[in-house]
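Visitor: how would this look folded up:
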Amino acid sequence: MSQLWMPVSDTDHIEGRRNAPMTLLEYGDFECPYCAETYPVIKAVQDTIGLDMRFVFRHFPLTRLHPHAEHAAEISEAANTIDRFWEMHDILFENQTALDDTHLLIEARAVGLDDETARMAFDGRYADHIKKDFRGGVRSGVNGTPCLFVNGQRFDGPRDVEAIVAALEATIPDQSKFDA
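Guide: The predicted model follows:
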């Protein structure tokens, strides 16, 4: 099992309580069909665990396989400048067949980005953040997407709600021994 090389920090995209006892982290690619299949599973895990889990998303665009992945990551970072990363994240996975620049600009408008800011997303201004995520993934043993980490440990089990919830819960000490 690989460990997460780069710990979760304030520069990460975090959904949920920042101090939640459980962390599910995904290295993902917005154009990856397997990431799109895992997207509703992660949503269901979030619903199941609730406030006891935070979800972290890091970019790992596989640009040789997915020609729109880099621009999709960039537009999500532009949306982050107006605190709309998670809305854009969801839109990109829910509309994965429409990730060309024209559609990305339409989706950017849908989350409240003006046209100029959206177009500027593609000029490389977010490249350092995306590359940092990617390098952290490589150092953590990521070689494909989606790659999940449960409380800092790589999770290679089945990508279903029950298995991920069980893995997350297994990392939390048994509270019953402290209740008495």
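
Visitor: Name the SS class of R54, please.
Guide: Secondary structure assignment for R54 (DSSP: H, G, I helix; E, B strand; the rest coil): strand.

Visitor: show me what contacts it?
Guide: 8, 14-18, 20, 22-24 (CB atoms under 8 Å, 6 or more residues apart in numbering). From N, CA and C alone the C-beta is placed, and that goes for glycine too.

Visitor: do L65 as well
Guide: L65 sits in contact with 31-32, where contact means CB under 8 Å, 6+ apart.

Visitor: Give me the pLDDT for it.
Guide: Note on L65: pLDDT of 96.

Visitor: Is it correct that it falls within a helix?
Guide: No: counting by three-state DSSP, one finds L65 to be coil, located in no helix.

Visitor: ok, so what distance separates it from G144?
Guide: Between L65 and G144 the distance is 10 Å, computed by CB to CB, to the nearest Å.

Visitor: which residues touch T38?
Guide: Contacts of T38 (CB under 8 Å, 6+ apart): 26, 28, 146, 148, 159.

Visitor: Assign the residue most central in space within the chain to helix, strand or coil.
Guide: The chain has F57 as the residue nearest its centroid, 2.2 Å off, counting by CA atoms, centre = their mean. Classification of F57 using three-state DSSP returns strand.

Visitor: Skipping its backbone neighbours, what lies nearest T48 in space?
Guide: Spatially, and ignoring its direct neighbours in sequence, T48 is nearest to V165 (5.4 Å; CB to CB, 6 or more residues apart in numbering).

Visitor: what's in contact with the lowest-mean-pLDDT helix or strand in the chain?
Guide: When the helices and strands of the chain are scored by mean pLDDT, DSSP states H and E, helix 115-120 comes last with a mean of 94. Helix 115-120 is contacted by residues 75, 78, 81, 104-105, 108-109 when judged by CB under 8 Å, 6+ apart.

Visitor: TSV please, covering the residues you listed and showing pLDDT.
Guide: Output for the contacts of helix 115-120, formatted as TSV (pLDDT from 0 to 100):
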residue	pLDDT
I75	98
A78	98
T81	96
L104	97
L105	96
A108	97
R109	97
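
Visitor: Just the residues you listed: which are in helices?
Guide: 75, 78, 104-105, 108-109 (DSSP state H).

Visitor: Go through this structure and flag its longest helix.
Guide: From DSSP H, the single longest helix across the chain is helix 33-49.

Visitor: Good, we can wrap up now.
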